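> Sequence and computational prediction follow.
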Amino acid sequence: MRRPALAPLAAVALIAGAASLFLVGCVRTAESGDGGLSAGPTPAPEFPSGLTWLNTATPLTLKALRGKVVVLDFWTYGCINCMHDFPWIERLEKDFPDTLVVIGVHSAKFTEEGNTRNIREIVLRYGIDYPVVNDSRFQVWKEWGVNAWPTLAIVDPAGNVVTERAGEGFYPEFKAIISSLVEKFGAEGRLDRRPLKLKLEKQGLPQTVLSFPGKVRVDPKGGRLFISDTDHNRIVVAALASGKVLAVIGSGRQGFRDGDFATAEFNHPQGLALSADGHTLYVADTNNHALRAADLAGRTVTTLDGTGAQATAYPPRAGTAPGVALSSPWDLVSDGNDLVIAMAGCHQIWKMDLATKRIGPFAGTGAEGYTDGSLDEATLAQPSGLTIGGDGRIYVADAEGSSIRVVDPRRRVVATLAGAGNSLFNFGDRDGKGRRALFQHPLGVVASKGLLYVADTYDNRIRVVDPRTGAVRTLAGGAPGWRDGKDPLFYEPGGIDAANGVLYVADTNNSSIRTVDVATGAASTLVLKGASMLASDHVYGEAAVRLPPQTVGAGPGSVRFTVELPEGFAPNPQAPSEVSVAVSQGDAVSLAGATTFAGAGPRFPMTFPAVFKAGTAEVTLDVALVYCREEQASVCMIKQARLTVPVQVVETSAAPAPSPVLNVTYQIR
């Protein structure tokens, strides 16, 4: 029997019942059911019936995909190694646009990850545009003999398994194999180049004001709140007291570009840290594998470190910025002249000396694990949240280990404060003391007034940990959802900070920022005010709508503007919206009064005085409207549009002539 060959890839977790093992990612050829190589082609196992599919109107079968090269990606949505594969999958799709079909097989590690509703949110968050099947009971996983996340396989156009490999770094090998398959089957006339008809989950969805915000940072001294508007690829700066938008850092375009606030580009930023003087905001630009610095006074963004690509060495090597390659920095915290970094992609805590620019590992070997011990012997598992306590110790939300770890710089050790800490598969939702307590993939932690507050992400809860005893209790949350008040609900909160007895929570899947009173656990939703600053064309896309021509009579009258919203939605009564009217062409219409509305809770119809005289004109209305679900104020959308109406004005013989009205109606669906 031929054994799989080993390749120098990042560590990946293997599942075997409730246990977890670790090895370097492997490459393997198609195997027969007894573990030996088949003498002939190995038909790919068909998808079982009854599974739930996303991004497609109907379930797919490998039989129906004959003539296509199919790549199966076995993944689970909290896994950083799986996230690292997404850009390479996208690149393969661009390389082979008419011959390749990618299918994501989501086989959940965590209980929360097996829910189709949650997978749908992840499909939207990660911008996945290929079919995904929910393999929550590991049926496909077992049929294929998979034992690692991520694992990818290739099926040729005849329906046979070509190769299967676990881990990262598959792109060069897969591109070469797919190229040879396209050449071979193309020469034989057995390729199907017809596009696959998909029904993407994102189709028809309006843009929300924030999109899956990952982290928050509070500046109580400066009265500011910094928000990683992660899926909009930007940082929003708001007034802490009022929610008024003070600045937007980044154009909203996904990219890697320095420049002023309006032109700089990020790629799914997460953690934020503020310099001691409050003048510089440091940003973990996660998908760019970089650290960025925003000069808040000069309104410019520069790259502190990172190349824009994931480090090829594993774990990445120390060095002097700005040329040191990194791997998915997820959170940051400022510690005097040092920047502490949760380097999720290599399961380590790093430090950067901001004076010397020296950067490198501080704690963790780079292996994914849960072992306590000295800084250079301990293992971590996708550290994703950081805070520094009053005792100078670094507290870590160790996501894949579902635990809160402590890094003690003085004693130079790593220890488990709370959470099971004895397996990457021991997680849950249980209060208790130390290792008796259970978390589920926590992403955020903050120290405040002698306690730790944890965004227990997959449990949809805010938990409180006493760092002296490890005692854990639930402050707020429970089932996934949205609800303010004394019994609030959250939906996979990912970031948390604290000031003046209030927690600020990045409620990621609700695309909102929540505040929680630490004394009562009562929550409210922060409404961002200033739609015009948020309504970037790069983020929302300006909708240029040309409405049907209208004929009106001459004389003094008005432009009457009405917006029709989807059922159950209404304009936000707190966040300012804006409407302005102008005559863009012709002289048959002249505006005779106020031409702009800017304020909260606009009422429709909205009337603007005008005078009409015989002839033609075009009237343009620019709209930036914030509207929300009436029963769930956190689910707010922003619609930006430019409406143009051709107008013919005619003289009328009616006596007395009615006051002419140009009725403009905009339907938002």
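Perfect, thanks for sending it.
> going forward, measure contacts and count neighbours with C-alpha atoms only.
Fine.
> Which residues does the strand or helix carrying Y453 contact?
Here Y453 is covered by strand 451-456, with elements defined by DSSP states H and E. Defining contact as Cα atoms under 8 Å, 6 or more residues apart in numbering, one finds that strand 451-456 is touched by 397, 439-447, 461-467, 492-496, 505.
> all helices for the chain, in order.
In the chain, the helices defined using DSSP state H lie at 80-95, 116-126, 139-144, 171-187, 531-534, 537-540.
> Out of these, which gets nearest to A355?
Closest to A355 of the helices of the chain, according to Cα to Cα: helix 80-95, at 30.4 Å.
> for the closest one, the distance to its chain's centre please.
16 Å (Cα atoms, centre = their mean, to the nearest Å).
> Now for this protein, the helix or strand with the poorest mean pLDDT.
strand 19-29 (a mean of 29; mean pLDDT, DSSP states H and E).
> Restricted to strands, list the contacts of strand 451-456.
If you go by DSSP state E, these have 397, 444-447, 461-465, 495-496, 505 in strands.
> what's the closest of these to N422?
Using Cα to Cα, A397 comes nearest to N422 of the ones in strands among the contacts of strand 451-456, at 15.5 Å.
> residue contacts, the closest one?
Residues in contact with A397 (Cα under 8 Å, 6+ apart) are P383, S384, G385, L386, S403, I404, R405, P442, L443, G444, V445, V454.
> Return the member of those residues nearest to K199.
Taking Cα to Cα as the measure, L443 is the one of these closest to K199, at 31.3 Å.
> and P573, what does it touch?
A600, G601, P602.
> Try it again at 7 Å.
A600, G601 (Cα atoms under 7 Å, 6 or more residues apart in numbering).
> so how far is K357 from it?
Look at P573 and K357: by Cα to Cα, to the nearest Å, they are 47 Å apart.
> the strands in the stretch 501-650 of the chain, which residues?
In the stretch 501-650 of the chain, the strands defined using DSSP state E, counting those that start in this stretch lie at 502-507, 512-517, 523-526, 543-546, 550-553, 555-564, 569-571, 576-586, 589-591, 596-600, 606-612, 615-629, 632-650.
> deepest of the ones you listed, which one?
Of all the strands of the stretch 501-650 of the chain, strand 502-507 has the most neighbours on average by mean count of other Cα atoms under 10 Å, namely a mean of 26.
> and that strand, what other elements does it pack with?
Judged by 3 or more Cα pairs under 7 Å, 6 or more residues apart in numbering; DSSP states H and E, strand 502-507 is in contact with strand 495-499, strand 512-517.
> Give me the sheet partners of the last one and which way each runs.
Partners of strand 512-517 in the sheet, by DSSP bridges, are strand 502-507 (antiparallel), strand 523-526 (antiparallel).
> Can you add distance to N426 and mean pLDDT and give the ones you listed back as a markdown table?
Output for the strands paired with strand 512-517, formatted as a markdown table (distance: least, Cα to Cα, whole Å; pLDDT from 0 to 100):
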| stretch | distance to N426 | mean pLDDT |
| --- | --- | --- |
| strand 502-507 | 24 | 98 |
| strand 523-526 | 30 | 90 |
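> Go through those strands and name the closest to G222.
strand 502-507 (15.6 Å).
> quick one: the closest one to strand 495-499, angle?
Strand 502-507 runs at 170 degrees relative to strand 495-499, counting by axes from the mean of the first three to the mean of the last three Cα atoms, to 10 degrees.
> partner residues bridging K529?
K244.
> Kindly tell me how buried it is, as a neighbour count.
23 (other Cα atoms under 10 Å).
> residues contacting it?
Listed by Cα under 7 Å, 6+ apart, the contact set of K529 reads G243, K244, V245, A575, P576.
> Just give the nearest non-adjacent residue to the last one, would you?
Closest residue in space to P576, ignoring its immediate chain neighbours: A600 at 3.9 Å, by Cα to Cα, 6 or more residues apart in numbering.
> A158 contacts R66, doesn't it?
Yes: taking Cα atoms under 7 Å as the definition, A158 is a contact partner of R66 at 5.8 Å.
> quick one, what contacts the residue nearest to P576?
Counting by Cα under 7 Å, 6+ apart, A600 touches N572, P573, Q574, A575, P576, S577.
> change it to 6 Å
With contact taken as Cα atoms under 6 Å, 6 or more residues apart in numbering, A600 is in contact with P573, Q574, A575, P576, S577.
> Let me know the closest of these to D331.
Among the contacts of A600, and counting by Cα to Cα, the member closest to D331 is A575, at 29.5 Å.
> Which residue comes closest to that closest one once chain neighbours are left out?
That would be K529: by Cα to Cα, 6+ apart, it lies 4.5 Å from A575.
> same check, this time on W144
P45 (6.9 Å).
> Model confidence for the one you found, exactly?
With respect to pLDDT, P45 scores 97.
> Please work out how many residues are found near it.
Using other Cα under 10 Å, P45 has 15 neighbouring residues.
> what does the one 3 residues further on give?
The tally of other residues near P48 (other Cα under 10 Å) stands at 12.
> again, but for A355
8.
> What of G169?
19.
> any idea how far it lies from N267?
Relative to N267, and taking Cα to Cα, G169 is found at 20 Å.
> quick one: contacts for L534?
By Cα under 6 Å, 6+ apart, L534 has no neighbours at all.
> Start the count at 226 instead of 1 going forward.
Okay, using 226 as the starting number, the last item reads as L759.
> pLDDT weak spots in this protein?
For the chain, the stretches with pLDDT under 70 are 226-265, 756-757, 762, 764-768, 856-860, 879-882.
> Bridging across strands, which residues link to the residue lying closest to T740 once chain neighbours are set aside?
Nearest residue to T740, sequence neighbours excluded (Cα to Cα, 6+ apart): Y729, at 4.7 Å. Residues in a beta bridge with Y729, per DSSP bridges, are D722, T740.
> so Y729 touches V743, yeah?
No: contact criterion Cα atoms under 6 Å: Y729 and V743 do not qualify, at 10.3 Å.
> Now do the phi/psi pair for T532.
Dihedral angles of T532 (phi, psi; degrees, to the nearest 10) stand at phi -110, psi -10.
> And it, how close does it get to V326?
Using Cα to Cα, T532 is found at 30 Å from V326.
> How far does stretch 682-700 stretch from one end to the other?
Start and end residues of stretch 682-700 are separated by 14 Å (Cα to Cα).
> Contacts only, for A498.
A498 sits next to L506, Y507, L557, V558, S559 when contact means Cα under 6 Å, 6+ apart.
> Tell me the one of those nearest E346?
Using Cα to Cα, those come closest to E346 at L557, 25.2 Å.
> what's around the closest residue to that closest one other than its chain neighbours, how many residues?
In this structure, L557 finds its nearest non-sequential neighbour in I566, 4.8 Å apart by Cα to Cα, 6+ apart. A count of nearby residues for I566, using other Cα under 10 Å, gives 29.
> Kindly report the same for G675.
When neighbours are counted by other Cα under 10 Å, G675 registers 12.
> Okay, it and S559: tell me how far apart.
Taking Cα to Cα, one finds G675 at 18 Å from S559.
> go on, G746?
Applying Cα to Cα, the value for G746 to S559 is 28 Å.
> can you check A519 too?
For A519, the distance to S559 (Cα to Cα) stands at 14 Å.
> Quick one: neighbours of Q665, just the number.
With other Cα under 10 Å as criterion, Q665 counts 27.
> can you check G477 too?
There are 27 residues near G477, going by other Cα under 10 Å.
> separation between it and H457?
The value you get for G477 to H457, if Cα to Cα is used, is 5 Å.
> and if you look at R419?
Noted for R419: a distance of 33 Å to H457, by Cα to Cα.
> Confirm for me that P801 is in contact with F822.
No: applying Cα under 6 Å as the test, P801 and F822 come out as separate, 9.6 Å apart.
> hmm, back to that, neighbour count: A519 and S559, which is higher?
The residue with more neighbours, out of A519 and S559, is A519; 26 against 21, by other Cα under 10 Å.
> Settle this for me: that one is touching A509, isn't it.
No: look at A519 against A509 with Cα under 6 Å: they stay out of range, at 11.2 Å.
> where do the contact lists of these two overlap?
When Cα under 6 Å, 6+ apart defines a contact, no residue borders A519 and A509 alike.
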